[in-house]
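Visitor: starting from these lines, generate the structure:
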Amino acid sequence: RELGDAVDGFAADLVHRGLKPGDTIFVGAPNSIETIIALLAASRDGFVCCPSPHRNHTIAEIADMCARASCAAYVHQSGHGADAAGDEILSLIRELPSVRHIYELTPDNDGNPFGGSIETEHKIDPPAGNPDLITYLAFTSGSTGKPKGVMHSDNTQLVAARGIAGAWDLGPDTVTLSLSPFSHNLGCGTLWSSLVAGGEFVLHDWPRGESLIDRIEAAGVNYLVGVPTHAMDLLAEIKSRGLSRFDALKSFRVSAAACPEHVAADLYDLGIPVQKGYGMTETNGHQLGLPGEARDRVLHTSGVCCPGYALCVFDANDPDRALPPGETGLVAGRGASLMLGYFQDAAATVACLNADNWFLTGDLGTLDEDGYLRLTGRKKELIVRGGHNINPNLIEDYALRHDAIDLAAAIPVPDDRLGERACLAVMFAAGRSLSAADMLDHLTNEGLSRYDLPEFWLPQADISLMPNGKMDKLEIIRRVRDGSLVPEPV
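Guide: I've put the predicted structure just below:
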């Protein structure tokens, strides 16, 4: 009831300040009750909520998102952004002609959402009740320098939420904790699953370094969601306490990045029901492991599709030719959880579909006879560091702006904990050289988020080139993996 009243009050305040259905609300804040209220207010009355501004984004990147989507209301918490020290973003937001109001959150609101800044006397009409309106906009890292805006409705988001809640019997007794923030689709998807179940949702708003096990036990959490790095952190804490079993959870959904088999095995052997997931911002988290699956299936697959969505594997070189079960190819999907399109980018929307309107994920994998997905690699080049997507093209573009660099290639380096880290391989211009520290300073000055900075440095005097003159990334990756090239940590 209190949440419903808060949503009604925020929606009424938005209308009072001149917002109309279709106007965008951006939330630049960590996990907070205000984010939930903004998402539900958008659902209520047809506003479009964008919780994408993440602490990894620079101030310039956040401002660019807001400008592109004609931000009408901005929810701000001081210090949010990779290069933010305080409220620097506000001067850029105030310059936008579309902005009607900025809600500034205070560090301590005494349990009062928006710090009491909402004018509660405004009356509001009953909810619009159209679940097919665009109500959610998420900017996602893509294979190009500028993030794409992904558009979803209530209906497209609820497909996976209902599927997961139904398969795992999530209900009023379920206490859910998402370790992924609302700025990631996984965090929002977990919220929708909790609301569908009618249970309790625990905000992940405590400082880094605090005990996850203590939090789980104190809040009575029995459904946990996170990326593989979160799973590794939980395993490390369980090991440090000398525990041989951990029975608090009815399920731990591990998604957003490929979960290493040894991590899934360790969770399973501790008695934690592992629900390996798969999906993208464009498709939501449509893939899920099922209760009671055999250990081998848990370790080696990413589950099956939720009702209302389907997968198919196509020839990677001919994305219109479907492959039979067991053959490796390009993973594609279609169905009710698929996005409504890319924001103001019809060409990109068309380009991601094959002739039969299957969405091409860019991931490689196989489907078995029972519909279980096994991921084997990626056709696209994103570097996935602990669930965070790093765009290698952007790193390369910034690196090549330095006059000491002739060629640059950002590649993934395997990492046991995070899955991948970014490595920058470079060839210097004739007679020039550069230190790793100077390159990091250069990338930062160019505007690269500190969360996207390369963690390894690989200067090369000679490396294979492709016909287009670029460094052969696959050859570099192969030589790093066989040990003939050794990147330097920076």
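
Visitor: which stretches of the stretch 351-490 of the chain have low pLDDT?
Guide: 465-470 (pLDDT under 70).

Visitor: all strands of it, in order?
Guide: 359-367, 373-378, 383-385, 388-390, 405-415, 419-428, 456-459, 488-489 (DSSP state E, counting those that start in this stretch).

Visitor: which one of the ones you listed lies closest to V159?
Guide: V159 sits nearest to strand 359-367 of all the strands of the stretch 351-490 of the chain, at 13.7 Å, using CB to CB. Heads up, the C-betas are built off the backbone N, CA and C, glycines and all.

Visitor: packing partners of that closest one?
Guide: With contacts defined as 3 or more CB pairs under 8 Å, 6 or more residues apart in numbering; DSSP states H and E, strand 359-367 has these neighbours: strand 309-315, strand 329-335, strand 373-378.

Visitor: who does the helix or strand just after the second one pair up with?
Guide: Elements were assigned by DSSP states H and E; along the chain past strand 329-335, the next helix or strand is strand 341-342. Note on strand 341-342: by DSSP bridges, its sheet partners are strand 148-153 (antiparallel).

Visitor: any buried residues in whatever helix or strand comes next after the strand it pairs with, and which?
Guide: Once the chain leaves strand 148-153, the next helix or strand it forms, by DSSP H and E, is helix 154-167. Of all the residues in helix 154-167, those buried under the rule 16 or more other CB atoms under 10 Å are 154-165, 167.

Visitor: most centrally placed residue in the chain?
Guide: With distances taken as CA atoms, centre = their mean, H184 lies nearest the centre of the chain, 3.6 Å away.

Visitor: quick one, helices of the chain?
Guide: 2-16, 33-45, 59-68, 88-94, 154-167, 185-197, 212-219, 228-240, 261-269, 295-300, 346-351, 392-399, 436-446, 473-481 (DSSP state H).

Visitor: nearest approach to H122 belongs to which of these?
Guide: The nearest among the helices of the chain, by CB to CB, is helix 2-16 at 4.1 Å.

Visitor: now tell me what touches the closest one from outside.
Guide: Contact partners of helix 2-16, identified using CB atoms under 8 Å, 6 or more residues apart in numbering, comprise 23, 25, 33, 36-38, 40-41, 44-45, 47, 73, 101, 113-114, 118-120, 122-124.

Visitor: repeat that with 6 Å
Guide: I37, L40, A41, R44, D45, P113, I118, E119, T120, H122, I124 (CB atoms under 6 Å, 6 or more residues apart in numbering).

Visitor: now a PyMOL select for only the buried ones of those residues.
Guide: Here is the PyMOL command that selects the buried residues among the contacts of helix 2-16 (16+ other CB under 10 Å):
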select buried, resi 37+40+41+44+45+113+118+124
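
Visitor: tell me the one of the contacts of helix 2-16 nearest M439?
Guide: I37 (42.5 Å).

Visitor: I'd like the distance between that closest one and P131.
Guide: Distance, I37 to P131, using CB to CB, to the nearest Å: 19 Å.

Visitor: figure out which of the helices of the chain is closest to D368.
Guide: Ranking the helices of the chain by their distance to D368 (criterion: CB to CB) puts helix 295-300 first, at 9.3 Å.

Visitor: avg pLDDT for the closest one?
Guide: Averaging pLDDT along helix 295-300 gives 95.
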